[in-house]
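Visitor: Please work out how this folds:
(one chain, ligands or ions: 1)
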Amino acid sequence: MEFPLFKTKIDGTSQGFDLTDPSERKKYFELKAGSEIKKLQKFLEDGNTFIAYLLGKKNSGKGTYAKMFREIVSPERIEHFSIGDMVRSFDGVLKDKEKRKELVSFLEKNYRGYSSLKGIISSLEKRSTKTLLPSELILALVKREIVKKGRKALFIDGFPRDLDQVSYSLFFRDLIDYRDDPDVFVLIDVPEKVIDERIKYRRVCPTCQTSRNLKLLPTKKVGYDKEKKEFYLLCDNPECKDVRMVQKEGDEFGIEPIRQRLKKDEMLMEKAFSLYGIPKILLRNSVPVADASKFVDDYEITPEYIFRYEKETDKVKINENPWQVLDDKGVLSYSLMPPPVVVSLIKQMVKVLNLDKGF
Ligand SMILES: [Zn+2]
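Guide: Predicted structure coming up:
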């Protein structure tokens with residue numbers, strides 16, 4: 001599996017953007033992919049759709065990329081659909097008498113599989129992250145959700161999740177009556193070291209559950225705990241009144257607890273990669289440091305934030321540096337901010353949908 005480098009740099013321009021700011025991000029996309037965005041918008045306005053399966057390791061940013069694509073191209077005509085979110089939403093459904101009845105009667109009509117419906121409902125109720133729900137059930141439930149949402153272009157996150165589900169995904173568009181709509185696999189390559197640090201430095205607000213990163217995505221206010229000799233983030237949400245963000249139990253181990261899962265995700269990507277007949281979009285999150293200046297602009301590189309506590313003023317000083325990591329082959333690399341990866345997604349999507357031949 002080789003993920004080519006994608007050039008988002010426009011030679012001869014020196015204009016920079018703050019990619020964390022939504023309005024600057026809009027201008028950035030206009031500059032880097034304006035004409036492709038218009039082609040996609042026209043395609044969708046004409047009543048066309050597509051189905052894109054997001055495949056990447058856990059915590060590779062699948063949801064982030066799809067949501068940003070949707071935000072930029074068409075929030076009305078594109079849906080980002082996460083199987084994990086869907087399954088979690090059933091907790092509420094099963095507790096509500098009416099909704100539960102409706103779900104059960106839908107499944108009685110639409111589910112065909114090897115596990116009994118009764119057993120399935122109870123496994124939904126006792127859902128633990130370790131038990132995988134049967135593929136036949138996932139398919140029936142996804143179909144139900146899609147019918148509810150109406151006809152839209154779909155980014156599906158979390159399916160296929162197992163090797164046997166790869167072949168299910170090939171027939172999926174027939175199942176939901178999208179039979180003439182193009183489908184595509186979107187494969188996302190992120191170095192494990194990036195995933196590891198995203199987890200290790202993750203901090204979560206105990207009040208509003210917002211997630212940030214002490215090293216890669218800090219909040220505006222950073223404090224220093226003199227006793228523990230460590231820095232901490234204060235939630236930006238005004239309603240949270242400067243509550244201190246915390247590390248979730250287990251996050252300090254980074255990818256160690258999910259190694260098996262990452263291996264499985266990689267096998268799944270390889271299987272999808274080897275399929276003929278379905279187009280593939282290849283996204284990569286990292287660029288070798290040695291090639292970076294040819295392919296990307298400086299502001300497209302993820303910075304790392306370095307804090308220093310100043311005793312005299314009792315303040316925390318913040319410094320920014322381009323973050324360097326070793327990729328899975330041991331090559332010193334930069335990790336890209338989400339927007340340049342989404343530019344690559346937009347441009348490749350235009351090609352896959354054959355929209356690049358004139359207007
Ligand atoms: Zn908060």
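Visitor: so where do the helices sit in the protein?
Guide: Under the criterion DSSP state H, the chain contains helices at 22-45, 62-73, 83-95, 97-110, 117-125, 135-149, 163-175, 192-200, 259-273, 292-295, 338-352.
Visitor: Mind listing what's buried along the last one?
Guide: Taking 16 or more other Cβ atoms under 10 Å as the basis for neighbour counts, the residues of helix 338-352 that come out buried are 338-350, 352. Just so you know, the C-beta spots here come from the backbone N, C-alpha and C atoms, and that holds for glycine as well.
Visitor: Repeat that for the fifth one.
Guide: Judged by neighbour count using 16+ other Cβ under 10 Å, the buried positions of helix 117-125 are Ile120, Ile121, Ser123, Leu124.
Visitor: just the fourth one next, same as before
Guide: For helix 97-110, the buried set under the neighbour-count rule, 16+ other Cβ under 10 Å, comprises Arg100, Leu103, Leu107.
Visitor: for stretch 299-316, same thing?
Guide: Residues of stretch 299-316 classed as buried by neighbour count (16+ other Cβ under 10 Å): Tyr299, Glu300, Ile301, Thr302, Pro303, Glu304, Tyr305, Phe307, Tyr309, Val316.
Visitor: Once you drop chain neighbours, what's closest to the fifth one?
Guide: So that's Pro303. Glu320 (4.4 Å; Cβ to Cβ, 6 or more residues apart in numbering).
Visitor: Could you do the first one as well?
Guide: Spatial nearest neighbour of Tyr299, excluding adjacent residues (Cβ to Cβ, 6+ apart): Gly16 at 4.7 Å.
Visitor: what sits against the one you found?
Guide: Contact analysis of Gly16 by Cβ atoms under 8 Å, 6 or more residues apart in numbering lists Asp297, Asp298, Tyr299.
Visitor: I'd say the second one and Pro322 touch.
Guide: To tie it back to what came earlier, the one meant is Asp298. Yes - in terms of Cβ atoms under 8 Å, Asp298 counts as a neighbour of Pro322; the distance is 7.4 Å.
Visitor: What does the pLDDT read for Ile10?
Guide: pLDDT recorded at Ile10 is 88.
Visitor: what sits against it?
Guide: Leu31, Lys32, Asp297.
Visitor: Next, count neighbours for the closest residue to Ile195 other than its chain neighbours.
Guide: Setting aside the residues directly before and after it, Ile195 is nearest to Asn59 in space (Cβ to Cβ, 6+ apart), at 4.7 Å. Close neighbours of Asn59, defined as other Cβ atoms under 10 Å, add up to 20.
Visitor: what's the distance between Asn59 and Pro257?
Guide: 12 Å (Cβ to Cβ, to the nearest Å).
Visitor: Asp236 too?
Guide: Here Asp236 is placed at a distance of 29 Å from Pro257 (Cβ to Cβ).
Visitor: ok, now Ser89?
Guide: Ser89 is 25 Å from Pro257, by Cβ to Cβ.
Visitor: picking up where we left off before, right, and out of the buried residues of helix 117-125, which lies closest to Met68?
Guide: Met68 lies nearest to Leu124 out of the buried residues of helix 117-125, by Cβ to Cβ, at 31.0 Å.
Visitor: ok, Trp323 - contacts?
Guide: Lys215, Leu216, Ile301, Thr302, Pro303, Glu304, Tyr334, Ser335.
Visitor: do that again at 6 Å, thanks
Guide: Contacts for Trp323 were tallied using Cβ atoms under 6 Å, 6 or more residues apart in numbering; they are Thr302, Pro303, Glu304, Ser335.
Visitor: Identify whichever of the helices of the chain lies nearest to Arg284.
Guide: helix 338-352 (7.7 Å).
Visitor: Around Ser211, how many other residues sit close by?
Guide: Ser211: 13 neighbours (other Cβ under 10 Å).
Visitor: swap that for Val289, please
Guide: 15.
Visitor: cool, Pro288 as well?
Guide: 14.
Visitor: Hmm, it is touching Gly330, no?
Guide: No - if you go by Cβ atoms under 6 Å, Pro288 and Gly330 don't touch, sitting 10.8 Å apart.
Visitor: picking that back up, return the closest of the contacts of Ile10 with respect to Asp356.
Guide: Distances from Asp356 to the contacts of Ile10, taken as Cβ to Cβ, are shortest for Lys32 (15.6 Å).
Visitor: measure the closest one to Thr219 for me?
Guide: Going from Lys32 to Thr219 by Cβ to Cβ gives 28 Å.
Visitor: and the residue of the stretch 1-150 of the chain nearest the ion?
Guide: Of all residues in the stretch 1-150 of the chain, Thr20 sits closest to the ion, at 17.5 Å by Cβ to the ion.
Visitor: Kindly report the same for the stretch 251-359 of the chain.
Guide: Proximity to the ion, evaluated over the stretch 251-359 of the chain using Cβ to the ion, is greatest for Asp251 at 17.2 Å.
Visitor: and the gap between that residue and Lys193?
Guide: 16 Å.
Visitor: who has more neighbours, these two?
Guide: Lys193 (19 against 16).
Visitor: for the closest residue to that one other than its chain neighbours, what are its contacts?
Guide: Closest residue to Lys193 apart from its sequence neighbours, by Cβ to Cβ, 6+ apart: Val325 at 4.4 Å. Counting by Cβ under 6 Å, 6+ apart, Val325 makes contact with Pro191, Lys193, Val194, Ser333.
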